[in-house]
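J.: Sequence and computational prediction follow.
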Amino acid sequence: MEDTQKTEAAVAAAEEKPQEKKINAMALISYIGVLSLVPYLAQEKDGFARFHAKQGLVLFIGEAATWVLLVVPFFGLLAANILSLAWLVLSVLGIINVVNNKKEKLPVIGDLADRLKF
């Protein structure tokens with residue numbers, strides 16, 4: 001009887017403690033520019049890391065395309081600044097999803113990342 005009470009007390013104590021979050025570092029670096037290739041190539045079996053790596057790769061391609069806009073004199077600079085801010089916001093949203101262990105598509109680029117079949 002005492003053993004049952006001790007076991008129940010241990011289970012109750014374990015439920016009260018906050019669960020530690022395990023942050024997937026490989027998925028986290030997916031949103032840091034060209035480093036999105038590292039988790040994609042290194043974590044072939046980790047679907048979570050590959051999902052975020054694909055989104056990070058689409059973000060990087062968008063960032064690279066934004067750099068090309070800098071060649072256009074006035075409007076290119078204006079558009080590049082606005083798009084750079086959008087890429088930053090999407091990267092932060094992706095990092096928040098990784099920290100919260102969520103596999104959510106990012107707005108606009110999530111569907112593009114799904115189309116990548118490599």
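T.: Arrived safely, thanks for sending.

J.: Can you name the helix or strand that the residue positioned nearest the centre of the chain falls in?
T.: Residue closest to the average C-alpha location in the chain (CA atoms, centre = their mean): Gly94, at 3.6 Å. Taking DSSP states H and E as the criterion, Gly94 maps to helix 74-99.

J.: which is the next helix or strand following that helix?
T.: With DSSP H and E, the next secondary element past helix 74-99 is helix 109-114.

J.: how about that next one: buried residues?
T.: By neighbour count on 16 or more other CB atoms under 10 Å, the buried set for helix 109-114 is 109-110, 112-113. For every residue, glycine as well, the C-beta is placed using N, CA and C.

J.: Just the CA coordinates for that helix, please, in PDB.
T.: This file holds the C-alpha atoms of helix 109-114, laid out as PDB (Å, rounded to 0.1, in the frame of the first residue of the first chain):
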ATOM      1  CA  ILE A 109       7.300  30.700 -48.500                       C
ATOM      2  CA  GLY A 110       5.900  27.600 -46.800                       C
ATOM      3  CA  ASP A 111       4.100  26.400 -49.900                       C
ATOM      4  CA  LEU A 112       7.200  27.100 -52.100                       C
ATOM      5  CA  ALA A 113       9.300  25.000 -49.700                       C
ATOM      6  CA  ASP A 114       6.900  22.100 -50.000                       C
END
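
J.: which helices and strands does that helix pack with?
T.: Other helices and strands packing on helix 109-114, by 3 or more CB pairs under 8 Å, 6 or more residues apart in numbering; DSSP states H and E, are helix 47-69.

J.: Distance from the chain centre to the helix it packs on, please.
T.: Averaging C-alpha positions (CA atoms, centre = their mean, to the nearest Å) puts helix 47-69 10 Å from its chain's average.

J.: could you give the angle of it to helix 74-99?
T.: Angle, helix 47-69 to helix 74-99, by axes from the mean of the first three to the mean of the last three CA atoms, to 10 degrees: 170 degrees.
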